[in-house]
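Student: need a 3D model of the sequence below.
(2 chains)
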Amino acid sequence: MRTILENFDLFLLLVFLGVGYVFGRIGEMRHYRSIHAREKSLADVLLFAAKRPPPEITAVDTVLVSGSAVISSDYFKWFVASLRKLFGGRFRVYEILLDRARREAVLRLKQQVRDRGGNMVFNIKFESLNITMGARGGIAAVEVLAYGTALIPRPAR
Amino acid sequence: MQQDQLLISNLDYVPGRRIVRHLGMVQGNTVRAKHAGKDLFASLKNIVGGELKSYTELMQESRSEATERLLQAARQIGANAVLNVRYQATSIAQGAAEIMAYGTAVVLE
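Tutor: Down below sits the predicted model:
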């Protein structure tokens, strides 16, 4: 007990690392499982980076749709990344973070399109914003926004 | 995102409709921060990682406000659509961000 109290900082660090690792891992696995399932079910909603839809398409309503998500890194990943920073190179943990945020944002956008009865989105744009908390060099969180114009077919009269 | 009669799109034209008049650029912006309580919760959530729902909501609210202001500006100059809309976000201070929306106000046939 006394050694724990004497090394309280180290103890806390280890607890945070452990909790971050376990829960971060579980959360990430769950998230990817849900991403894969929804990607399958929304695969028929097509996204185009093209600025203009083909001119033949006229009987449609255009609606601005968007999806966004803020995903945070966990303590363990943040720790790994700060060690990585000493050597530079590829930050695998942050690549995964951005991948999750981006795919989640796209899925939310696609869901909006489906809810409105459309299946095509043009002029897709992405934007990301770093929302890092705490003092400088705090745990990274990132927001990704995806937006575009959905073409919603008008009901035939 | 808010709609309100005005058509809003990030294409530079509207399929099947003609642009009668260009009225120039309009914009809307907002700066927002989270209140301290929710921020504290988010920093705890930070340890285990995953989605920070309160922040996702904050950003969505800010974006609809910026859009609302953009539409207001467009309405004031007599436009009925805003085309080529873009969003831009900048984090200005810890936990505060500016969201800006801009586009071209036009009159459609």
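Student: which single residue of chain B ends up nearest chain A?
Tutor: Residue of chain B nearest chain A, by CB to the nearest CB: residue B:49 (3.0 Å). Using the backbone N, CA and C atoms, a C-beta is placed for each residue, glycine as well.
Student: contacts only, for that residue.
Tutor: A:20, A:23-24, A:27-28, A:71-75, A:77 (CB atoms under 8 Å, 6 or more residues apart in numbering or on different chains).
Student: can I get those in CSV including pLDDT, secondary structure and neighbour count?
Tutor: Formatted as CSV, those follow (pLDDT from 0 to 100; DSSP: H, G, I helix; E, B strand; the rest coil; neighbours: other CB atoms under 10 Å in any protein chain shown):
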residue, pLDDT, secondary structure, neighbour count
A:20, 90, helix, 23
A:23, 92, helix, 17
A:24, 91, helix, 22
A:27, 92, helix, 18
A:28, 93, helix, 18
A:71, 93, strand, 29
A:72, 91, strand, 28
A:73, 90, coil, 25
A:74, 90, coil, 28
A:75, 88, helix, 22
A:77, 90, helix, 25
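Student: could you pick out which of these are near chain B?
Tutor: Counting by CB under 8 Å from any CB of the partner chain, A:20, A:23-24, A:27-28, A:71-75, A:77 from the contacts of residue B:49 sit close to chain B.
Student: after the longest helix along chain B, which helix or strand is next?
Tutor: Assignment by DSSP state H gives helix B:53-76 as the longest helix of chain B. Next helix or strand after helix B:53-76 toward the C-terminus (DSSP states H and E): strand B:81-93.
Student: burial count for residue 85?
Tutor: Going with chain A. Other residues near residue A:85 number 11, with proximity taken as other CB atoms under 10 Å in any protein chain shown.
Student: um, chain B though
Tutor: 24.
Student: show me the contacts for it.
Tutor: By CB under 8 Å, 6+ apart, the residues touching residue B:85 are A:64, B:8-10, B:67, B:70, B:101-103.
Student: ok, residue A:90 next?
Tutor: Contacts for residue A:90 (CB under 8 Å, 6+ apart) come out as none.
Student: picking that back up, could you let me know which of the contacts of residue B:49 ends up closest to chain B?
Tutor: residue A:74 (3.0 Å).
Student: how much space between the closest one and residue A:18?
Tutor: Using CB to CB, to the nearest Å, we find residue A:74 at a distance of 11 Å from residue A:18.
Student: does the longest helix of chain B reach chain A?
Tutor: Yes - applying CB under 8 Å from any CB, one finds helix B:53-76 in contact with chain A at B:53, B:55-56, B:59-60, B:63.
Student: okay if I get these as JSON lines plus neighbour count?
Tutor: Output for the residues of helix B:53-76 next to chain A, formatted as JSON lines (neighbours: other CB atoms under 10 Å in any protein chain shown):
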{"residue": "B:53", "neighbour count": "14"}
{"residue": "B:55", "neighbour count": "25"}
{"residue": "B:56", "neighbour count": "19"}
{"residue": "B:59", "neighbour count": "22"}
{"residue": "B:60", "neighbour count": "18"}
{"residue": "B:63", "neighbour count": "24"}
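Student: could these be laid out in a markdown table, adding pLDDT?
Tutor: Formatted as a markdown table, these follow (pLDDT from 0 to 100):
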| residue | pLDDT |
| --- | --- |
| B:53 | 89 |
| B:55 | 87 |
| B:56 | 90 |
| B:59 | 90 |
| B:60 | 92 |
| B:63 | 93 |
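Student: circling back to that earlier point, I'd like the ones next to chain B among the contacts of residue B:49 as TSV, with distance to residue B:44 appended.
Tutor: Putting these into TSV (distance: CB to CB, whole Å) gives the following:
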residue	distance to residue B:44
A:20	11
A:23	11
A:24	13
A:27	14
A:28	18
A:71	16
A:72	11
A:73	14
A:74	12
A:75	11
A:77	16
